[in-house]
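S.K.: Here you go, sequence then predicted model.
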Amino acid sequence: MADLKRTALFDRHVKLGAKIVEFGGWEMPVQYKTGIVQEHLTTRNAAGIFDVSHMGRLIIYGKNALDFLQHSLTNNAAALNVGRSQYTIIPNEQGGAVDDGYLYRFEEKGYLLVVNAANHEKDWNHLTDIKTSFPETEMEDRTQTLAMISLQGPKSKYILENLIESGYLPEPIRNSLSIVKIAGTEVFLARTGYTGEPICFELFVHSDFAVTIWDHLLAQGASPIGLGARDTLRLEAGLPLYGHELGDDPGEGEIPIFASSLSRFAVSFSPLKGEFIGKHTLEKQFEALGHILNGDYDRTDHLPRLIQPIALSDKGVARNGSRVFKDDKPVGYVTSGTMVPFWKFHGIGLDSQISDEKGMRAIGLALLDCRLVERDQVEIDIRGRRVKAIVVPYHLRSEAPPYARPILSPFA
């Protein structure tokens, strides 16, 4: 794997028996000896740690930093007090995504922007071009010097409580932040993640101390999880992935940001933002979404299709690019799809309890005609065979910690 980068934890992955693959220009673990299915299940009922140091980490500071962020990102960075973070999008003028990312404000003096590994160089160049209009803004690439470790799952809180020497866990609200000391090392700690787990943390630490923090997390009972299970976990949670639910649309140029139910929450039209890249196109998408939600499909030119969860009712596995049909007419295509494992729960609603029984189900996300709604029956072309599926509201819910609960469609 010539010319590929390695994170500070690469040797640990090899020692743990990980299968190493190329991803976004890095050598990364796709799975460990236990395999993707078990890693997925372990995260859902215990705690998993993920090396996500391949993602780009940019520090942004200076007199014009806030103005720069307000212009170049979709969310309202002015709403970020110290100790808070937010999901955001790097937009283009067409209302599509250059990339999506997370913006953190651990300290008064600046911001940390985390972007996708495969888009790191593109994002850097894009933001650098914009920065010429904000001469008193500084931007530094800390990807190599600042490691990033994700700790996700019901037991994550207890693991960290046993390790923190000074400081406190972030407030029990998603996107809250704190600074703690673990093993004598300063760690920036965030209640964020990419798994759908209600109890979730991401840790930022200087790369020189990443191995120490990783080893301490393992010693407390966390299990190493590869990129394979990270993808099945985010799919089950209905979270968008750039290149699938965001970015280029093979059929019609580019996927609108408002097509994704999560990404639309990353767009702010607060007066505090003023003019920002793509604002006017995004306002048109927002207006079209309002018409769709009211059942008016005559004014949807700016948002003709929406990303929706689908559950297969027949045997088969939907894959990215599979075409979707309704009444024999093409209505879209699958953006992400696979088989995912799940723990079975006994009982009803919030009183249900996790069991030791497992199952497998075929699910996906699809970019579908905006006129399709929950419970609509569709067919997916899988290798020339039409497989029945249903549009569902979601695959997973996370409102009742400590567990994320799988939602199984009674119609699938």
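M.R.: Perfect, thanks for sending it.
S.K.: Name the single longest helix found in this protein.
M.R.: Using DSSP state H, we find that the single longest helix of the chain is helix 279-293.
S.K.: Residues in contact with that one: which ones?
M.R.: The contact list for helix 279-293 (C-beta atoms under 8 Å, 6 or more residues apart in numbering) reads 74, 91, 93-95, 256-258, 264, 267, 269, 273, 297-303, 306, 370. C-betas here are computed from N, CA, C, even on glycine.
S.K.: Show the average pLDDT along the next helix-or-strand element following it.
M.R.: The first helix or strand that comes after helix 279-293 along the chain, using DSSP states H and E, is strand 305-312. Here strand 305-312 scores 98 as its mean pLDDT.
S.K.: Tell me the strands beside whichever helix or strand comes after strand 305-312, with direction?
M.R.: Next helix or strand after strand 305-312 toward the C-terminus (DSSP H and E): strand 323-326. Sheet partners assigned to strand 323-326 using DSSP bridges are listed as strand 329-346 (antiparallel), strand 377-382 (antiparallel).
S.K.: Now render those strands as TSV, adding mean neighbour count, distance to Pro198 and mean pLDDT.
M.R.: Below are these laid out as TSV (neighbours: other C-beta atoms under 10 Å; distance: least, C-beta to C-beta, whole Å; pLDDT from 0 to 100):
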stretch	mean neighbour count	distance to Pro198	mean pLDDT
strand 329-346	19	14	97
strand 377-382	20	30	97
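S.K.: Am I right that Lys19 is in contact with Gly35?
M.R.: No: between Lys19 and Gly35 there is no contact under C-beta atoms under 8 Å: 9.5 Å.
S.K.: Compare these two and say which is more crowded by neighbours.
M.R.: Neighbour count, other C-beta atoms under 10 Å: between Lys19 and Gly35, Lys19 has more, with 16 against 13.
S.K.: Would you mind naming the residues that bridge with the more buried one?
M.R.: Lys19 has these beta-bridge partners by DSSP bridges: Gln31.
S.K.: Domain ranges for this protein, per the record?
M.R.: 10-53+145-234, 304-412 (automatic domain parsing).
S.K.: on that earlier part again, distance to Ala404 added to the strands paired with strand 323-326, as CSV?
M.R.: Compiled in CSV, those are given as follows (distance: least, C-beta to C-beta, whole Å):
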stretch, distance to Ala404
strand 329-346, 9
strand 377-382, 25
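S.K.: Of the ones you listed, which is nearest Leu246?
M.R.: strand 329-346 (9.2 Å; C-beta to C-beta).
S.K.: tilt between the longest helix of the chain and strand 305-312?
M.R.: 50 degrees (axes from the mean of the first three to the mean of the last three C-alpha atoms, to 10 degrees).
S.K.: Would you mind listing where this protein has pLDDT under the threshold?
M.R.: For the chain, the stretches with pLDDT under 70 are 1-2, 411-412.
S.K.: in it, which spans are helices?
M.R.: Under DSSP H, the chain gives helices at 10-15, 36-45, 65-72, 120-131, 156-161, 210-219, 227-236, 279-293.
S.K.: Pick out the residue nearest the middle of this protein.
M.R.: When C-alpha atoms, centre = their mean is applied to the chain, the residue found nearest the centroid is Tyr194 (4.2 Å).
S.K.: Assess the claim that that residue and Ala229 are in contact.
M.R.: No: counting by C-beta under 8 Å, Tyr194 does not reach Ala229; the two are 11.2 Å apart.
S.K.: Once you drop chain neighbours, what's closest to Arg230?
M.R.: Distance criterion C-beta to C-beta, 6 or more residues apart in numbering; nearest residue to Arg230, sequence neighbours excluded, is Phe50 at 5.7 Å.
S.K.: Could you pull up the residues touching that neighbour?
M.R.: By C-beta under 8 Å, 6+ apart, Phe50 lies in contact with Ile149, Ser150, Leu151, Gln152, Pro224, Ile225, Gly226, Leu227, Arg230.
S.K.: Please apply the same query to Phe134.
M.R.: Gly62, Asn64, Ala65, Asp67, Phe68, His71.
S.K.: Also Ala8?
M.R.: Counting by C-beta under 8 Å, 6+ apart, Ala8 touches Ser53, Ala147, Ser207, Asp208, Ala210, Val211.
S.K.: mind putting these in JSON lines, neighbour count and distance to Asn116 included?
M.R.: Shown next, in JSON lines, are the contacts of Ala8 (neighbours: other C-beta atoms under 10 Å; distance: C-beta to C-beta, whole Å):
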{"residue": "Ser53", "neighbour count": "26", "distance to Asn116": "13"}
{"residue": "Ala147", "neighbour count": "25", "distance to Asn116": "17"}
{"residue": "Ser207", "neighbour count": "17", "distance to Asn116": "19"}
{"residue": "Asp208", "neighbour count": "11", "distance to Asn116": "25"}
{"residue": "Ala210", "neighbour count": "23", "distance to Asn116": "20"}
{"residue": "Val211", "neighbour count": "15", "distance to Asn116": "24"}
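S.K.: For those, work out which two are farthest apart.
M.R.: Ser53 and Asp208 (12.5 Å).
S.K.: so Phe68 sits right up against Lys131, yeah?
M.R.: Yes: the pair formed by Phe68 and Lys131 meets the contact definition of C-beta under 8 Å, at 6.3 Å.
S.K.: hang on, the earlier thing: which of the contacts of Ala8 lies closest to Trp343?
M.R.: Ser53 (28.9 Å).
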